[in-house]
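I'd like to go over a predicted model; first the sequence, then the structure.
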Amino acid sequence: MVKIIAPNREYNGTVGDVQFKDGVADTDNPAVLAYCRSAGYEVGGETATTLEEPAPADPREVGNGLIGTPLRDAAVDPKPEDFLAPVNAGQANPHGAEVVSPEIHAALGPTPLVPGLVGDPAMQQDRESEAARLALVDQLPAAAVVDELADGNAQEQPAGNASQEAWADWVLATHPELDPESVRAMKRDDLRTEYGKTE
């Protein structure tokens, strides 16, 4: 039996199935022994030392150290390596109507879907930035933007065994009036049957 002494020397109650009298009890119950050790009771002549909680940091003592990468607004401080940086970035008021973001290919929003296959990142960036400029800065309607970008950029129909994604891209580029979600949900053979050109 292991002797347990409660922090309150006048305790006359129970812990689990162990009865205390004047703060003292004896037991071999491992669950009661473990509880008593963790609760600050003296168990077998030893009292577990409790770890002191560290004091919270005082914000007055914390310096202005940089953690991670500093944020940079590409509309204010554009870099040549920025992909799809805002149109007119660094040239016009970054909070004005002439600095607009082209977003990403086929993003739903005020700009039309940019016709053409996505493959060459530099060409994609130029075309989508131009689409954003025409639609958001020059305020051209979506159909006019698509016509403007389609000139000289007619693309060939994908091969019959091309991926569903290639067919969806081609259908959306050649039929900008269609709902992108609906087109992307269609199967490749359905896209080919409904929109493909037969020789």
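Great, that's in hand.

how far away is residue 26 from residue 46?
Distance, residue 26 to residue 46, by C-beta to C-beta, to the nearest Å: 15 Å. The C-beta positions use only the backbone N, C-alpha and C, and glycine is treated the same way.

also residue 16?
Per C-beta to C-beta, residue 16 is found 20 Å from residue 46.

who has more neighbours out of the two?
When neighbours are counted by other C-beta atoms under 10 Å, residue 16 and residue 46 differ, and residue 16 comes out ahead with 12 against 8.

for residue 33, see how far away the more buried one is.
According to C-beta to C-beta, residue 16 and residue 33 sit 10 Å apart.

ok, residue 184 next?
Computed as C-beta to C-beta, the residue 184 to residue 33 distance reads 64 Å.

what do you get for residue 79?
Distance of residue 79 to residue 33, given as C-beta to C-beta: 65 Å.

list the helices and strands the helix or strand of the chain with the lowest mean pLDDT packs on?
Least confident helix or strand, the chain: helix 142-150 with a mean of 74, by mean pLDDT, DSSP states H and E. Applying 3 or more C-beta pairs under 8 Å, 6 or more residues apart in numbering; DSSP states H and E, one finds that helix 142-150 contacts helix 121-132.

before we move on, back to that, between residue 184 and residue 33, who's got more neighbours?
residue 33 (19 against 15).

can you report phi and psi for that one?
phi -60, psi -40 (degrees, to the nearest 10).
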